[in-house]
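Q: Turn this into a model:
(one chain, ligands or ions: 1)
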Amino acid sequence: MDNANPISSCVLLKNVNKSFGSKQVLYDISLQISEGDILGLLGPSGSGKSTIIKLINGVDQSNSGEVYVLGEKMPKLAVMNQIGYMAQSDALYGDLTAAENIVFFSSMYKLSRSKQKQRMNEVMELVDLSAHLKKQVKHYSGGMKRRLSLAIALMHEPPILILDEPTVGIDPILKRAIWEELKKLNQQGTTLIVTTHVMDEVENCSTLGMIREGRLIAFGTPEQLKNATASNTIEEAFLYYGGTAK
Ligand SMILES: Nc1ncnc2c1ncn2[C@@H]1O[C@H](COP(=O)(O)OP(=O)(O)OP(=O)(O)O)[C@@H](O)[C@H]1O
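A: Predicted coordinates for the structure are as follows:
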C-alpha cells in the first residue's frame, strides 16, 4: 500500500481514521480498488462499512489519512458527480411519484430531457417498476423503495457505483436479476462497491474487504482469502478471520 498510486487507482484509502466525537469508528484503513472491480465490504452491523462508503463518496470526511477517487483527493464535487450512490435508508419523497423523484434527484446531472426520459424507462425496467412510475412513493413497499433508490443511482450512468446494502428487502428472484444487471454494468466498465451482510452476494464480488470493529482485517480476491486461511469456502474464511483477528 505504501507504493499505491492515487492516479492509477480508482479508489485509494491511505491510513484513514474516523471518529464521531470521542468515539473512534475507523482505524488506519488502507485499501486500493482498481477500475472494473466489484468490491464487497463485509462486516457485522456497526463495524464501519457505511462510514467507509461515505468517506469514498465524499459525503463525510476522515479525521486523518487520505481518500482519493479517480486520482482526486476527496471530497471534491466534480468527482462526486462521477459516483452513483445508493444509501442504506431511502431518501425519497413520499408525496411525489416515482417519476418525479427520479427527475428531482437526477436534476443535478443535467441530462437532456430526451436522455432523461430514455434513462428513466431503462432504469425502471431494470428494477421491474415500469408499471409503477406514476404511483406516489408513499404507496410503495419497502422493497419497491429500495429498487427505486437503485434506479435513481443508475440514472446518470456513473463510472463508480456505490451501493449500501442494495438488496435488503428484495426477494431472491429480483435480487438475482439485479445482480445480473450489476454484473453487466461492471462488464461495461462500471466499478462497483457494495456493502453486505449476506454471504450469497459474496460470490458476485471480485475483491472482498472484511471489516470488524472499524478495522480492515482482510482484503483480497475470494481465492486469496480462501488460500490464506486454508478454507474451502469464503464463509469458512470469514469465520476464520472473525474468530481470530483482533
Ligand atoms: N453520524 C454518526 N454519529 C455518531 N456515530 C456514528 C455516526 N455514524 C455512524 N456512527 C457509529 O459508527 C459505527 C460504524 O457505523 P456504520 O454505520 O459505518 O456501520 P455499518 O458496518 O455500516 O453497520 P450496518 O451494517 O448496521 O449499517 C457505529 O458504532 C455507529 O454507531
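Q: Mind listing residues that contact the longest helix belonging to the chain?
A: In terms of residue count, the longest helix belonging to the chain (DSSP state H) is helix 172-187. Outside of helix 172-187, the residues within contact range by C-beta atoms under 8 Å, 6 or more residues apart in numbering are 36, 38, 126-128, 143, 147, 150, 154, 161, 163, 166-167, 170, 192, 194, 201, 204. Where C-beta positions appear, they are placed from N, C-alpha and C, glycine not excepted.
Q: Output the contacting helices and strands for the helix or strand bottoming out on mean pLDDT in the chain.
A: Taking mean pLDDT, DSSP states H and E as the measure, the helix or strand of the chain with the lowest value is helix 234-244, at a mean of 77. Taking 3 or more C-beta pairs under 8 Å, 6 or more residues apart in numbering; DSSP states H and E as contact, the helices and strands that helix 234-244 lies on are strand 207-212, strand 215-220, helix 222-229.
Q: Mind doing that once more with 10 Å?
A: Other helices and strands packing on helix 234-244, by 3 or more C-beta pairs under 10 Å, 6 or more residues apart in numbering; DSSP states H and E, are strand 38-42, strand 207-212, strand 215-220, helix 222-229.
Q: Any part of it near the ligand?
A: No - judged by C-beta under 6 Å from any ligand atom, helix 234-244 makes no contact with the ligand; its nearest approach is 13.6 Å.
Q: what's the angle between that helix and strand 207-212?
A: 30 degrees (axes from the mean of the first three to the mean of the last three C-alpha atoms, to 10 degrees).
Q: What is the burial count for Ser188?
A: One thing to correct before we go on: residue 188 is Gln, not Ser. Residues contacting Gln188 under the criterion other C-beta atoms under 10 Å number 9.
Q: now swap in His139 and tell me
A: The burial metric for His139, expressed as a neighbour count using other C-beta under 10 Å, is 11.
Q: residue contacts, it?
A: The contact partners of His139, taken as C-beta atoms under 10 Å, 6 or more residues apart in numbering, are 94, 97-98, 132.
Q: Quick check, Gln88 in contact with Val168.
A: Yes - using C-beta atoms under 10 Å, Gln88 makes contact with Val168 at a distance of 7.9 Å.
Q: What pLDDT does the model give Ile102?
A: The model reports Ile102 with a pLDDT of 95.
Q: show me what contacts it?
A: 92, 96, 116, 119-120, 123-124, 133, 148, 151-152, 155.
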